[in-house]
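S.K.: Please work out how this folds:
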Amino acid sequence: MTQILRRFVPRAPRYVLRPTDNRFLRFAHRDDRRNSYATRFINVSESGLAFLVDRDCAPHIGEFIKVEFPVPGSGQIAWFARVVRIEEYHPPRTWHKRLDKEDDEILVAVHFDDLPEGHRKAIRAGLNQKFTEVLKERQKDNFFQLMSFLTAHFWKTLLYVGLALATAAILYVFSRPNENYDPKRGAPWGQRFPALNIFGAEEE
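M.R.: Residues are numbered from 1 along each chain as shown. Next up, the predicted model:
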């Protein structure tokens, strides 16, 4: 059975914007310099970004547009990009949104067209800074979760540690030779059984 293979487009690691980030984006069609559209983007990488737009003003796949957006942790960048993907957008439902209300937004993914090295370095530096901040926040959250767990289960944790130490101490005590042990009598400690060769006979 013959299958249609899609062209592989390498994509750099994406940074998903958080509510505290500036998500304001403007774009304009390449042949239309008078009209521009304001919207918000949801992720960005060195190779492209994805933004949301109303269905009636969305660009088409393969179309070149100009985007202007703030780099997280850096300044503003404007450059040309090609639309590579358009798909339905299903936002997470929250308590203030009605379940029967359909959002008329779609997700548009674009790939930067020959992005200058200066812009690429600015995006890379800003994203590295954001990735570091996210990593530190996750480590801090994991630490606080661990401390909360230990605080909530303090006596259980203390009992577990005490039992582990007691078990190790008992095993150590019973593994020691007693007072009647004489290394000169019988087999030396730890060498009770002589080494056997591969045929099972004792070595001379």
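S.K.: Ile106 is in contact with Glu87, isn't it?
M.R.: Yes. Between Ile106 and Glu87 there is a contact at 6.8 Å, judged by Cβ atoms under 8 Å. All C-beta atoms are positioned from the backbone trio N, CA, C, and that covers glycine.
S.K.: out of the two, which sits in the busier spot?
M.R.: Neighbour totals were compared for Ile106 and Glu87, and Ile106 leads with 15 against 10 (other Cβ atoms under 10 Å).
S.K.: Restricting to C-alpha, output stretch 44-57 in CSV.
M.R.: This file holds the C-alpha atoms of stretch 44-57, laid out as CSV (Å, rounded to 0.1, in the frame of the first residue of the first chain):
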residue,chain,number,x,y,z
VAL,A,44,7.9,30.3,20.0
SER,A,45,11.2,28.7,19.0
GLU,A,46,14.2,29.5,16.9
SER,A,47,12.5,28.1,13.9
GLY,A,48,9.0,29.5,14.2
LEU,A,49,6.0,30.2,16.4
ALA,A,50,2.3,29.5,16.7
PHE,A,51,-0.5,32.0,17.2
LEU,A,52,-4.2,32.2,17.4
VAL,A,53,-6.4,34.1,14.9
ASP,A,54,-10.0,34.5,14.0
ARG,A,55,-11.1,32.2,11.3
ASP,A,56,-12.2,35.0,8.9
CYS,A,57,-8.8,36.7,8.8
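S.K.: Just the buried positions in that stretch, please.
M.R.: 44-53 (16 or more other Cβ atoms under 10 Å).
S.K.: same question, stretch 61-68
M.R.: So, applying 16+ other Cβ under 10 Å, buried residues of stretch 61-68: 65-67.
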